[in-house]
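>>> coords please:
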Amino acid sequence: MDDAVALLIGHGSKLEIQKKMIERLAESVKNRGVFADVFYAFMNVNRPTIREAMTEIVKKGYRKVIAIPVFLSEGVHTTEDIPSELGLKSGQREGIVDFNGAKVKVLYARTIGFDERIADILVERGKEAVGTSKEFSR
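Next comes the predicted model:
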């Protein structure tokens, strides 16, 4: 995957904290050294948009993109909107798309989905909440 870039795609929000989380995730993924580079984009509200990020990717000379939705489960955005913004046809998980005159190989990853590691995090968050509660910690 050393010639492919990752494009993390978040939902977007008026709350700045959501944008910052996606930025931090992108930096953390980049630090793992798996991809040639890591970019991020948002489905709505925030910038860069998916098209803006793809423009930047193409401008930097990359032609292989692994688009990774940072969504817990499938929904309209992940099954219809994001693939469309990436230039993929409905139901398509990969393809060669023409983006600003460049042929770009796009591979669209699954959503996070069910994962036991998420259950572990949820248990941890529940314990943290109890530890900070005046009512539950008695």
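>>> all strands for the chain, in order.
If DSSP state E is used as the criterion, the strands of the chain fall at 5-10, 37-42, 64-69, 94-99, 102-108.
>>> Can you say which of the ones you listed is nearest to Gly126?
strand 5-10 (24.6 Å; C-beta to C-beta). Yep, even glycine has a C-beta here, placed from its N, CA and C like the rest.
>>> From the chain's centre, how far out is the closest one? Work that out for me.
Taking C-alpha atoms, centre = their mean, to the nearest Å, one finds strand 5-10 lying 4 Å from the centre of the chain it belongs to.
>>> packing partners for it?
helix 16-31, strand 37-42, helix 50-59, strand 64-69 (3 or more C-beta pairs under 8 Å, 6 or more residues apart in numbering; DSSP states H and E).
>>> mind checking the end-to-end distance for stretch 95-115?
27 Å (C-alpha to C-alpha, to the nearest Å).
>>> which residues are in contact with it?
Contact with stretch 95-115 is made by 4, 54-55, 57-58, 62-74, 78, 82-83, 86-89, 92-94, 118, as judged by C-beta atoms under 8 Å, 6 or more residues apart in numbering.
>>> what's the answer for stretch 71-90, then?
Outside stretch 71-90, the residues that reach it (C-beta under 8 Å, 6+ apart) are 9, 11, 43, 49-51, 54, 65, 67, 69, 91-92, 94-95, 97-99, 104, 106, 108, 111-113, 118.
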